[in-house]
Structure formats: structure tokens, C-alpha cells
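Asker: What follows is a predicted protein model with its sequence.
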Amino acid sequence: MNRKLLSGTFGLLATVGMVAAAGTSGAVVSGDSDTPKLQIDYGSTVPIRSGNPLDVQPSKGPRPVSIRVGDLDLEASVIPVGVDEEKQLDVPSADLVGWYQYSPTPGNAGATVLAAHVDYGGEQGAFFNLHQLEIGELFEVELEDGTVKSYEVTANSTYNKVDLPDDELFRKDGKPVLQLVTCGGTFDPEERSYEANVVVSAVPV
């Protein structure tokens with residue numbers, strides 16, 4: 001992976017009602033509202049617009065508020081995010097992680113999705129070193145009710161951005177899994193785009 005810091009966005013809704021302005025790039029969500037597909041586009045700008053939800057309601061249960069990954073020396077706040085009517089997923093600033101609020105809350109059936117930058121505005125993003133997490137490593141997610149859930153990494157995969165397995169990444173049923181997502185692979189300076197996404201899968205322990 002090209003680790004040169006670049007100004008970019010892997011967008012998210014900073015709140016339910018407002019999309020944050022996001023630098024020089026964005027993450028586009030395609031597919032239906034239940035299984036959005038992340039597709040990175042560093043040539044676009046995420047505008048400020050209403051964050052009306054799609055045809056789904058936010059997940060119930062205590063939401064995640066922070067993530068701690070000791071092996072990466074990472075501790076970051078987590079904020080709820082969503083997609084607007086144009087299906088754009090907006091990732092927060094470099095030091096924050098976004099929880100896709102239409103995915104299950106941690107510990108419930110299905111895949112909980114947390115997304116963050118690999119780099120943003122000349123700074124390392126919260127998930128800059130995500131590709132280094134190894135199978136078997138542990139980390140923690142704290143919920144708003146004070147509960148702390150421990151997770152064990154079961155997979156660390158890099159997918160071409162057009163081949164991201166959205167059915168698995170955004171599934172709403174089956175065994176609980178946590179999916180950590182960021183940009184990865186080679187950065188194309190002409191296209192101003194990373195060619196891939198890094199996805200770390202983890203299960204509750």
C-alpha cells in the first residue's frame with residue numbers, strides 16, 4: 001500500500017441530519033439501501049446536503065462510541081453515519097471512525113460496519129495501519145451504555161474496489177461480525193484513487 005499521506009475522503013454522515021463537507025474525494029454507495037456497495041471516487045467532492053435516510057431505520061440497541069486497537073496504538077471515537085438519497089456514505093475526519101447506523105449494533109446478528117480514512121487532509125487516518133492487523137489479534141469496542149465488547153480478528157482482506165463483497169459486508173442476519181473498512185492497495189496519482197479497500201473481519205469473544 002502507498003503510505004504517502006494524501007488529501008482525501010472516504011466520506012460519512014457526521015450526523016443523521018447533515019452530511020459533512022469532505023475535502024477532495026468521496027465514497028459512493030451503490031446498490032439497494034439494505035446492501036450498499038462502497039466504491040471509492042477520489043475525483044468527487046461530497047457536498048453538504050440533507051441526510052434523509054433511505055428505506056431503512058437506524059439499528060436499535062446501544063451504539064458504538066469508541067474503538068481501541070492496542071496492536072495499532074489506536075483509540076478513536078465512533079460516530080453514527082448513514083447515506084443520503086444520492087447514496088453517498090460520508091466518512092468523518094482523520095481521527096474519527098464512522099459506524100454505518102443502518103448496520104446492526106455490535107453483538108447483534110449480522111455485520112456491524114465501521115469505516116474510517118486511511119489518510120485525510122495530509123494526516124494519517126484512524127485506519128491508516130488497518131492492513132497490519134493479523135488474524136487472532138484482539139481489540140475492543142465500547143458502547144454508549146458503557147459495555148465493552150472484545151473482538152478477535154478472523155480475516156484481513158484487500159479487495160479491488162469494484163469487487164467489494166457487499167452482500168457479506170452489509171448482511172443483516174447470521175452470526176455477529178464486525179467489519180472494519182478503509183482504502184487500500186496502490187494509489188493512482190492520475191486517477192487520484194486507491195485501487196482497493198481493506199476489510200478486517202472480527203467476531204465477538
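Answerer: Thanks, I have the structure now.
Asker: The nearest residue to residue 200 once chain neighbours are set aside: helix or strand, and which one exactly?
Answerer: Spatial nearest neighbour of residue 200, chain neighbours left out: residue 180 (4.2 Å); criterion: C-beta to C-beta, 6 or more residues apart in numbering. Backbone N, C-alpha and C define where each C-beta goes, glycine included. Using DSSP states H and E, residue 180 sits in strand 177-188.
Asker: Quickly run through the sheet partners of that strand, with directions.
Answerer: strand 111-115 (parallel), strand 193-204 (antiparallel) (DSSP bridges).
Asker: returning to what we had before: so the residue nearest to residue 200 makes contact with residue 111?
Answerer: No. Judged on C-beta atoms under 8 Å, residue 180 makes no contact with residue 111 at a distance of 10.9 Å.
Asker: between the two, who's got more neighbours?
Answerer: With neighbours defined as other C-beta atoms under 10 Å, residue 180 and residue 111 compare such that residue 180 has more, 26 against 22.
Asker: Relative to residue 64, how far out is the more buried one?
Answerer: Distance of residue 180 to residue 64, given as C-beta to C-beta, to the nearest Å: 11 Å.
Asker: related to what we said a few turns ago, how about the strand holding residue 180: buried residues?
Answerer: Within strand 177-188, the residues that count as buried by 16 or more other C-beta atoms under 10 Å are 177, 178, 179, 180, 181, 182, 183, 184, 185, 187.
Asker: ends of stretch 105-112, how far apart?
Answerer: In stretch 105-112, first residue to last residue: 6 Å (C-alpha to C-alpha, to the nearest Å).
Asker: Show me what the mean pLDDT comes to for stretch 169-180.
Answerer: Mean pLDDT, computed over stretch 169-180, is 95.
Asker: what number of residues lie near residue 73?
Answerer: 8.
Asker: Quick check: it vs residue 106, distance?
Answerer: Counting by C-beta to C-beta, the gap from residue 73 to residue 106 is 22 Å.
Asker: swap in residue 62?
Answerer: For residue 62 relative to residue 106 (C-beta to C-beta), the value is 8 Å.
Asker: do residue 119 as well
Answerer: Plainly put, residue 119 is 26 Å away from residue 106 if you go by C-beta to C-beta.
Asker: what's the answer for residue 126, then?
Answerer: Applying C-beta to C-beta to residue 126 and residue 106 gives a distance of 17 Å.
Asker: The two: which has the busier surroundings?
Answerer: Neighbours per residue (other C-beta under 10 Å) separate residue 126 from residue 106, with residue 126 holding more: 31 against 25.
Asker: ok, now which ones touch that one?
Answerer: The contact partners of residue 126, by C-beta atoms under 8 Å, 6 or more residues apart in numbering, come to 74, 76, 94, 95, 96, 97, 116, 117.
Asker: that older thread, which residues are in contact with each of residue 62 and residue 106?
Answerer: By C-beta under 8 Å, 6+ apart, the residues touching both residue 62 and residue 106 are residue 143.
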